[in-house]
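>>> Can you look at this prediction? I've put the sequence above it.
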Amino acid sequence: MKRVSLDNAYDMHLAMVNDKPYLFTEDRIDDSTVPSGYKAYEVADGDDCDGRFARIQNFILVNFIGTIIGRDELPMEQYGDHVPVYWCRYDEAYDKAYEEFEYEHADEEGDVWEEHLLDFEENHMPEDPDGEDYGVTFNSLKDYDEYYDSGEWEHLIDDTEIEDDRR
């Protein structure tokens, strides 16, 4: 688990989490290289390994998919002796559509062929779950700051209430 300096992070782009913009990279970032005033969190995929943000913590061991860095702290929840966690919001309509698709297109072994899966993803992309990629890239933390200060991200805020009963 080699960590890299924030200055050497690769492929940084915008990810909205908890209706706030964060810089996302697939690298593990060395916390000592994150400037004061910013918070770095590690992101885990779910057990489905579908690339969607499932949980965010200070350290992820299993299913690590990247790091988010931003100005805003996330509301972490504490469960007993477990480390604090932020549970990411999913798009329930996407999940339901995928389950129906999987049932309809699975072969005798329960596998779905890649061409069917690509067709599904093209026609049923999730609607603004946490971590959605909006195609905004950053070359540095300065680029992120300029984007944050501009307020251009505010139209991406999802004001719909989503019930989350996965806990």
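That came in fine, so what should we check first?
>>> use CA for all of it now, contacts and neighbours both
Will do.
>>> domains for the chain, by residue range?
The chain breaks down by automatic domain parsing into domains covering 6-90+130-156, 92-125.
>>> now those domains as JSON lines including mean neighbour count and mean pLDDT?
Below are these laid out as JSON lines (neighbours: other C-alpha atoms under 10 Å; pLDDT from 0 to 100):
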{"stretch": "domain 6-90+130-156", "mean neighbour count": "17", "mean pLDDT": "84"}
{"stretch": "domain 92-125", "mean neighbour count": "12", "mean pLDDT": "64"}
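>>> just the strands in the chain please.
Secondary structure of the chain (DSSP state E): strands at 12-17, 20-25, 39-45, 53-57, 64-70, 86-87, 133-138.
>>> which one of the ones you listed lies closest to residue 108?
Nearest to residue 108, of all the strands of the chain, is strand 39-45, at 27.2 Å by C-alpha to C-alpha.
>>> what's that closest one in contact with?
The list of residues contacting strand 39-45 from outside it, by C-alpha atoms under 8 Å, 6 or more residues apart in numbering, reads 28-29, 31, 34, 51-60, 62-73.
>>> cool, stretch 10-29 as well?
1-6, 9, 40, 42, 65-72, 74, 88, 130-141, 144, 148, 153, 156-158.
>>> quick one on the thing from earlier: same list, the strands of the chain, but as TSV with distance to residue 100 please.
Converted to TSV, the strands of the chain look like this (distance: least, C-alpha to C-alpha, whole Å):
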stretch	distance to residue 100
strand 12-17	27
strand 20-25	31
strand 39-45	22
strand 53-57	21
strand 64-70	26
strand 86-87	25
strand 133-138	24
